[in-house]
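**Student:** got a sequence here, can you build the structure:
(2 chains)
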Amino acid sequence: MSRHRVWRLPPDIDTDQLAPGHAMKFGLPEIAAACLETVRPEFAREVRPGHVIVAGRNFGIGSSREQAASVLVHLGIAAVIAPSFGGLYFRNGFNVGLLLLTCARAGEIEDGEAIGFDARHAVVTRFDGQPLPCEPIPDFLLDMVEAGGLVPQLKQRLAR
Amino acid sequence: MTDAATLAQKLVARAAGRTHVQPGEIVTCAVDFAMFHDSSGPRRLAPMLAELGAEIWDKRRVALVIDHYVPEADDDARRIVKIARDWAREQALPHVFDGRGICHVVLPQAGLIRPGMFCVGGDSHSPTGGAFGAYMFGVGASEMLGVLVSGQIWLKVPQTIFMRWSGRLACGVSAKDMMLSMLGRFGMAGGQYQAIEYCGEAVAALSMNERMTLCNMSAELGAQIGVVAPDAVTRDWLEVRGADVEELGLARWHSDEDAAGTRHHFDASSLAPQVAVPHSPACVRPVDDLEPTPIDVAYIGACTGAKLDDLRAAARVLAGYRIAPGVKLLVAPASVADREAAEREGWWRHIVDAGATVLASSCGACAGYGGAIDDGATVISSTARNFRGRMGAATAQVYLGSPFTVAASALKGRIADAREILS
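**Tutor:** Numbering: from 1, shown residues only, chains lettered A, B, ... in the order given. Next comes the predicted model:
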């Protein structure tokens, strides 16, 4: 199982923090540069592909703006792990190919820790091997993430 | 197992082509109507649709509302709006509303959202449509694309949370105060992405505009939808807008009495005006419990807080007075039709005479697209969200209240209780 460096975030991270209104008229690179600027200003600069976000409850509440999810895909975030997600964000995440793991015990994971995860088996593994169970995700959503999101999946389907 | 169902479950069952659905099961629903705007719509949808080489499944069931980037403030906004206009022309979309007002308000004004329908919108405040007894929720651009090419969407059948309000609201207290008090009690995740049904004597007494305010902020409560069972008030709204209400069969769109759900009770008659303090719509206090809070800006705007009834409420407070020195009162009516109706009815004059600055009927400062809020400003706003930086300036302190409260605050120069002025 590959290891992923953790960025810890507080509860109630909203879509306006992930994709600020002032950057919304631009494309993903510009929105990415402003991602989480009011929460962890160093995030956009220091995050690397393969890193994961571990957040408090209600991650992604607020707007329907899908860029709040696709910006994390753009930055290479491998998964977001939280005790709960905004309902609309949860749909958007899978639609743009972002894996979201609902883990009641996410709060035990620490900033900077290296963790593993297995989405098909709904489990997160801490640095010391301790497993944290996650809510199972329906297969059709996992298939969507593996295809890279709804649009690539539709493309495959329409090509058939 | 009983066959008793809630209104939300009946709406889903109809769209899924089933007689009955179980909460928690995943179903595929046929979409009756899909709405998107200039921010979430063509600029994202057009390239994806072209990439797929697919067509819109039914153009009569689609509306484009240009409301976020109008009036165009800069070259980027001009580019985004041009993409929307060009694409609408190229696709020959029959339902296009350009600079007429905010999507959640202009659609029902055109009679496009009706009881029994299953609708999606490319905007998080899409639950507004639930005021008309429709199942309507927000989706992102990719999911909207899925709807456009297939006419379908998946859904986990929701549980229903009943918010029953007995009694009658006092003068100067409104649906916004009801919503803020529920937010204070349940928080932004209280809706658990389930369906909320607003019911009881106090809800039945609300106008359609006020019901829209309740359903609109179901998004802040974290619900997938908010809904009000259609009744005589709904019927009147629809008849004026040319719907055949007999054909719609309003009577069947209600929750069965023995349907399972979570039930909460509230008393409208004891409710005081409520204010959400920075930086969450769920940090709520009765207006009288606030420290003295001087304000720089009073903002009446958005789908949440600048519909005709919101303008009427503000005008009732402002009539015959001038705003406090040093305070800016900004009014951005939710739609052109709402502003024109307020003009015809004589309310608009009170707003202008009080010293308001009138802004365009678009999303404007609510989503930080308008640039009307200065750094460090303290704002009282009739909008739905006061997240840090939401209205543009990260250093702004934004309080949320009803149009009554915003208008009273503009007069006093501090957050104020409208009941003092109206009594």
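**Student:** who are the contact partners of the residue of the stretch 1-150 of chain B found nearest chain A?
**Tutor:** The minimum distance from the stretch 1-150 of chain B to chain A, using Cβ to the nearest Cβ, falls at residue B:140 (3.3 Å). Just so you know, the C-beta spots here come from the backbone N, C-alpha and C atoms, and that holds for glycine as well. Applying Cβ atoms under 8 Å, 6 or more residues apart in numbering or on different chains to residue B:140 gives the contacts A:64-66, A:69, A:88, A:91-92, A:95-96, B:40, B:122.
**Student:** what pLDDT does the model give it?
**Tutor:** Here, the pLDDT recorded for residue B:140 equals 94.
**Student:** so which helix or strand takes in residue 44?
**Tutor:** I'll assume chain A. helix A:43-46 (DSSP states H and E).
**Student:** can you look at chain B instead?
**Tutor:** Residue B:44 belongs to helix B:42-52, assigned by DSSP H and E.
**Student:** hmm, that helix touching chain A?
**Tutor:** Yes: residues of helix B:42-52 contacting chain A under Cβ under 8 Å from any Cβ of the partner chain: B:44, B:48, B:51-52.
**Student:** looking at those, which has the most residues close by?
**Tutor:** The residue in the residues of helix B:42-52 next to chain A with the most neighbours, by other Cβ atoms under 10 Å in any protein chain shown, is residue B:44 (22 neighbours).
**Student:** doesn't residue B:141 make contact with that residue?
**Tutor:** Yes: using Cβ atoms under 8 Å as the test, residue B:44 is close enough to residue B:141 to be in contact (3.8 Å).
**Student:** between these two, what contacts are shared?
**Tutor:** In contact with both residue B:44 and residue B:141: residue A:66, using Cβ under 8 Å, 6+ apart.
**Student:** which residues touch residue A:140?
**Tutor:** By Cβ under 8 Å, 6+ apart, the contact set of residue A:140 is residue B:154.
**Student:** how close does it sit to residue B:26?
**Tutor:** 8 Å (Cβ to Cβ, to the nearest Å).
**Student:** in contact with the residue in the stretch 101-250 of chain B positioned nearest to chain A: list those residues for me.
**Tutor:** Closest to chain A within the stretch 101-250 of chain B is residue B:193: 2.8 Å, counting by Cβ to the nearest Cβ. Residues near residue B:193 by Cβ under 8 Å, 6+ apart: A:86-88, A:90, B:158, B:222-224.
**Student:** still on that earlier bit, mind listing the shared neighbours of residue A:140 and residue B:26?
**Tutor:** Here residue A:140 and residue B:26 have residue B:154 as joint contacts, going by Cβ under 8 Å, 6+ apart.
**Student:** that's a strand at residue A:17, yeah?
**Tutor:** No: counting by DSSP: H, G, I helix; E, B strand; the rest coil, residue A:17 is not found in a strand; it is helix.
**Student:** burial count for it?
**Tutor:** Count around residue A:17 with other Cβ under 10 Å applied: 24.
**Student:** hmm, residue B:388 and it touching each other?
**Tutor:** Yes: taking contacts as Cβ under 8 Å, residue A:17 lies within contact range of residue B:388: 7.5 Å.
**Student:** joint contacts of these two?
**Tutor:** residue A:38.
**Student:** how far does stretch B:203-220 stretch from start to finish?
**Tutor:** Stretch B:203-220 has an end-to-end distance of 19 Å (Cα to Cα, to the nearest Å).
**Student:** and residue 15, how many residues sit next to it?
**Tutor:** I went with chain A, as the question did not name one. Burial of residue A:15 is recorded as 28 neighbouring residues (other Cβ under 10 Å).
**Student:** looking at chain B here, not the other one
**Tutor:** 23.
**Student:** surely it meets residue B:135?
**Tutor:** Yes: Residue B:15 is in contact with residue B:135 according to Cβ under 8 Å; the separation is 6.9 Å.
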